[in-house]
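sharing a sequence plus its predicted fold:
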Protein chains: 2
Amino acid sequence: MPEDTAPADLTTMRFSRAREAQSMAVLEDYAEMIDDLAKQMGEARITDIAARMGVTHPTATKAVARLKREGLAVSRPYRGVFLTELGAEMAARVRMRHRVVVDLLIAVGVPPETAEIDAEGLEHHVSEATLKAFEAYLAKRG
Amino acid sequence: MPEDTAPADLTTMRFSRAREAQSMAVLEDYAEMIDDLAKQMGEARITDIAARMGVTHPTATKAVARLKREGLAVSRPYRGVFLTELGAEMAARVRMRHRVVVDLLIAVGVPPETAEIDAEGLEHHVSEATLKAFEAYLAKRG
DNA sequence: ACAGAAGTGTAGCCACGGCTACACTTTGCA
DNA sequence: TGCAAAGTGTAGCCGTGGCTACACTTCTGT
């Protein structure tokens, strides 16, 4: 617990960052999911996205609408959803980060299954700097 | 990426867990904050809570209302906010977890300042099993 | 003692991410 | 081919967590 001089500012910034990260989380999850489905099935259908995310299809539709608004995906009515170049980049970044986070958790002794579960929420809050540190740790450790 | 047999179910469960954890995050953050303020200032005032969280006071008021609804805090109009026994327990658990997460991040090479920032979002997704693993790792490592 | 400053409550707005219900398209099979 | 099933869109509800604006209470200092 920091003190007098300027503790509130730093603490505040931490919470702001966490909230910001959280607002990206859904976008990241859907982008990765659409990428997965495209790779596995050739295309991503709303119903499949919804099923994998564990939500109903209108919820998936809303999320896709947000992705489209942000320029991360495109789609036409009653057709599949496709990532834009931007969306694909995000998906790649997210997948890479996910793998590193899972690997690090396992490396420090977390059971693999638990690592997968926790990583799903964890990963969105791992900054670039922390990711770099994780990679360095994994590399050094062989 | 899992395959055929029953991959959707497992994936779905991971996302559900992450969403569930997220719904607790705000409660946990406020409980810890109120506890901090009580320790530092003798009591937690809405304005102070809001300032530390980086939100406006009506937002803090709403959060406190939710804490009260969940039986984690009590308060009377124009007076400070106080944690119930349940709330205090949660705060203690959250603080302990926070410390372990920060320590682990530092132990694997994350810069201390970054560790503090990332931990703020990270910690809410660290399960009991993972926390145990973190503690074991830190103990073994000296 | 009382006025102004500071703190708090409340109303009402928005975006988001859930949901159900219902309408419409596409698909696939008898 | 044509109709039922599956897939998709859309409307509208809820709770949450942000916000501003405004009303009211408490505190403070002259």
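On my side now, so go ahead.

so A:Thr12 touches B:Gly54, yeah?
Yes - with contacts counted by CB atoms under 8 Å, A:Thr12 reaches B:Gly54, the gap being 3.6 Å. Where C-beta positions appear, they are placed from N, C-alpha and C, glycine not excepted.

tell me the spacing between A:Pro106 and A:Ala129.
You called it Pro, but residue A:106 is Ile. 21 Å (CB to CB, to the nearest Å).

swap in A:Gly71?
Counting by CB to CB, the gap from A:Gly71 to A:Ala129 is 27 Å.

go on, A:Ser23?
Distance, A:Ser23 to A:Ala129, using CB to CB: 20 Å.

buried stuff in stretch A:101-111?
A:101-108, A:110 (16 or more other CB atoms under 10 Å in any protein chain shown).

so which of the residues you listed also contact chain B?
Applying CB under 8 Å from any CB of the partner chain to the buried residues of stretch A:101-111, one finds that A:104-105, A:108, A:110 fall near chain B.

which one of those residues is nearest to A:Thr47?
For those, the residue nearest A:Thr47 by CB to CB is A:Leu105; the value is 31.7 Å.

just give the nearest non-adjacent residue to that closest one, would you?
Of all residues not flanking A:Leu105 in the chain, A:Ala115 sits nearest, at 3.8 Å (CB to CB, 6 or more residues apart in numbering or on different chains).

please, which helix or strand holds A:Arg95?
Applying DSSP states H and E as the criterion places A:Arg95 in helix A:85-107.

what is the following helix or strand past that helix packed up against?
Once the chain leaves helix A:85-107, the next helix or strand it forms, by DSSP H and E, is helix A:112-122. Helix A:112-122 is packed against helix A:85-107, helix B:7-41, helix B:128-140, with contacts defined by 3 or more CB pairs under 8 Å, 6 or more residues apart in numbering or on different chains; DSSP states H and E.

report the rounded mean pLDDT for the very next helix or strand once past the second one.
Scanning the chain past helix B:7-41 towards its C-terminal end, the next helix or strand to appear is helix B:46-53 (assignment: DSSP H and E). Confidence over helix B:46-53 (mean pLDDT, whole number) is 97.

which parts of helix B:46-53 are buried?
Neighbour counts over helix B:46-53 (16+ other CB under 10 Å) mark B:46, B:48-53 as buried.

after that helix comes which helix or strand?
Using DSSP H and E, the helix or strand that directly follows helix B:46-53 along the chain is helix B:57-69.

run through the neighbouring helices and strands of the helix or strand following that following helix.
Next helix or strand after helix B:57-69 toward the C-terminus (DSSP H and E): strand B:73-75. Strand B:73-75 is packed against helix B:57-69, strand B:81-83, with contacts defined by 3+ CB pairs under 8 Å, 6+ apart.

now do the same contact list for A:Leu72.
A:27, A:31, A:83-84, A:86-87, A:90 (CB atoms under 8 Å, 6 or more residues apart in numbering or on different chains).

rerun that using 10 Å as the cut-off
By CB atoms under 10 Å, 6 or more residues apart in numbering or on different chains, A:Leu72 lies in contact with A:27-28, A:30-31, A:34, A:64, A:66, A:83-91.

over to A:Arg19?
Contacts here follow CB under 10 Å, 6+ apart; on that basis A:Arg19 touches B:25-26, B:29, B:53-55, B:120-121.

quick check: the gap between it and B:Glu120.
Distance, A:Arg19 to B:Glu120, by CB to CB: 10 Å.

surely A:Asp9 and B:Ala51 touch.
Yes - the pair A:Asp9 and B:Ala51 passes the contact test of CB atoms under 10 Å, sitting 9.5 Å apart.

what is in contact with A:Arg19 and B:Glu120 at once?
Shared contacts of A:Arg19 and B:Glu120, counting by CB under 10 Å, 6+ apart, come down to B:25, B:29.

who's in contact with the nearest residue to A:Glu28 once chain neighbours are set aside?
In space, and not counting its chain neighbours, A:Glu28 is closest to A:Val94: 4.7 Å by CB to CB, 6+ apart. Residues near A:Val94 by CB under 10 Å, 6+ apart: A:24-25, A:27-33, A:35, A:123-124.

only the buried subset of those, as a ChimeraX command please.
Applying 16+ other CB under 10 Å to those, the buried members can be selected in ChimeraX as follows:
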select /A:25,27,28,29,30,31,32,33,35,123,124
